[in-house]
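Colleague: Have a look; sequence and predicted model below, questions after that.
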Amino acid sequence: MILEGKVAIITGASRGIGKATAELFLKEGANLVLSAHQNVKLLNDLAKNKQVLVVKADLRLKEDIKKLVKDAFDKFSKIDILVSNAGTFECVDFEQIEESHFDEVMNLDLKGAFFLAQRVIPYFRKQGHGKIINVSSLSGKIGSSAAPHYAVAKAGIIAMTKSLARIYGKDNINVNAIAPSLINTDMVKKIPEERIARLIEAVPLKRLGSPEEVAKLILFLASNASDYISGQTISIDGGMSMI
Ligand SMILES: NC(=O)c1ccc[n+]([C@@H]2O[C@H](COP(=O)([O-])OP(=O)(O)OC[C@H]3O[C@@H](n4cnc5c(N)ncnc54)[C@H](OP(=O)(O)O)[C@@H]3O)[C@@H](O)[C@H]2O)c1
């Protein structure tokens, strides 16, 4: 099993990409600390497993971030992997974006991931290894006309990934990001159907990705197979972003 004995925190684990990643990591032998916010009940089945701790956390709040990391360490006495996946998305035209829209996305997608990494890094440094996988988005690379504020937050994730990879490479900490495009989760349901149909036309593979396909990329970046990869943002988009 690829992650036998490893301890991984996965945020946004109640649904979509986070849930698929939790299920795959569990099969691969990891001990898991799974966080969610409003739908923590969706983790009841996984929580029956001895290898799994579920923590309810609003990752917009530094206090909840602190508690999540403390609970993880108290339970398993180490942390090897952080998958920063929790995120929120809303289509809003640029000229209609209010400060509240902007703050909502920034506070979770960017600030939450930033301060969560800051909390986990001291454990990684102390033990001499660690892997962070940040879930960005294709929009962080190429922009988004449907959700420009979201694209800005996800571009921030890419800059954060590169910065932490530079700072902590010497501590044997790998920091990478992934950039999914259209993945079949609740998030995509927020995009009007005709827009989805147009976007799928631009995907060489002519379909949405599945959360399970994204989970396999996250597993690769969490595993020893990616030990010499750091500071990268790997696209998983059916070929949509190739130039
Ligand atoms: N789906 C796509 O097409 C796509 C494309 C590019 C990038 N992404 C990125 O991939 C990641 C996962 O997306 P997804 O499609 O799997 O999303 P999703 O199905 O909408 O799930 C979002 C997850 O984030 C959690 N979350 C929301 N607000 C939170 C908060 N304040 N504090 C803590 N957790 C919170 C949710 O927990 P609760 O339900 O418990 O509140 C849920 O587990 C996100 O970062 C997203 O931006 C997705």
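Modeller: Noted; the coordinates are in hand.

Colleague: and this protein, which residues reach the ligand?
Modeller: With CB under 6 Å from any ligand atom as the criterion, the chain meets the ligand at residues 11-18, 36-40, 57-60, 85-89, 108-109, 135, 137, 180, 182-183, 185-188. Where C-beta positions appear, they are placed from N, C-alpha and C, glycine not excepted.

Colleague: Those residues in helices, which ones?
Modeller: Taking DSSP state H, the ones among those that sit in helices are 16-18.

Colleague: ok, of these, which come out buried?
Modeller: Buried members of these, scored by 16 or more other CB atoms under 10 Å, are 16-18.

Colleague: got the CA positions of the helix or strand of the chain with the lowest mean pLDDT in PDB?
Modeller: When each helix and strand of the chain is scored by mean pLDDT, DSSP states H and E, helix 193-201 comes last, with a mean of 93. Extracted C-alpha coordinates of helix 193-201, given in PDB (Å, rounded to 0.1, in the frame of the first residue of the first chain):
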ATOM      1  CA  GLU A 193     -25.500  24.000 -18.300                       C
ATOM      2  CA  GLU A 194     -25.000  25.800 -21.700                       C
ATOM      3  CA  ARG A 195     -21.700  27.200 -20.500                       C
ATOM      4  CA  ILE A 196     -20.500  23.700 -19.400                       C
ATOM      5  CA  ALA A 197     -21.500  22.400 -22.900                       C
ATOM      6  CA  ARG A 198     -19.400  25.100 -24.500                       C
ATOM      7  CA  LEU A 199     -16.500  24.500 -22.200                       C
ATOM      8  CA  ILE A 200     -16.600  20.700 -22.800                       C
ATOM      9  CA  GLU A 201     -16.200  21.500 -26.600                       C
END
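
Colleague: Packing partners of the lengthiest strand in the chain?
Modeller: When the chain is scanned for its longest strand (criterion: DSSP state E), the result is strand 173-180. Strand 173-180 makes packing contacts with helix 113-127, strand 130-135, helix 138-142, helix 148-168, helix 211-222, strand 233-236 when contacts are defined by 3 or more CB pairs under 8 Å, 6 or more residues apart in numbering; DSSP states H and E.

Colleague: just how off-centre is that strand within its chain?
Modeller: For strand 173-180, the separation from the chain centroid amounts to 9 Å (computed by CA atoms, centre = their mean, to the nearest Å).

Colleague: Kindly report the same for stretch 164-173.
Modeller: 19 Å.

Colleague: do the same with stretch 79-97
Modeller: Averaging C-alpha coordinates over stretch 79-97 and over its chain gives two centres that are 9 Å apart (CA atoms, centre = their mean).

Colleague: swap in stretch 161-180?
Modeller: Distance of stretch 161-180 from the chain centroid (CA atoms, centre = their mean) equals 14 Å.

Colleague: I'd like the mean pLDDT over that stretch, please.
Modeller: Average pLDDT, stretch 161-180: 98.

Colleague: What pLDDT does the model give the residue with the largest distance to the centre of the chain?
Modeller: The outermost residue of the chain, judged against the average C-alpha position, is residue 95 (28.2 Å), by CA atoms, centre = their mean. pLDDT for residue 95: 98.

Colleague: Checking my notes, it in a strand, right?
Modeller: No - the secondary structure assignment for residue 95 gives helix rather than a strand, going by DSSP: H, G, I helix; E, B strand; the rest coil.
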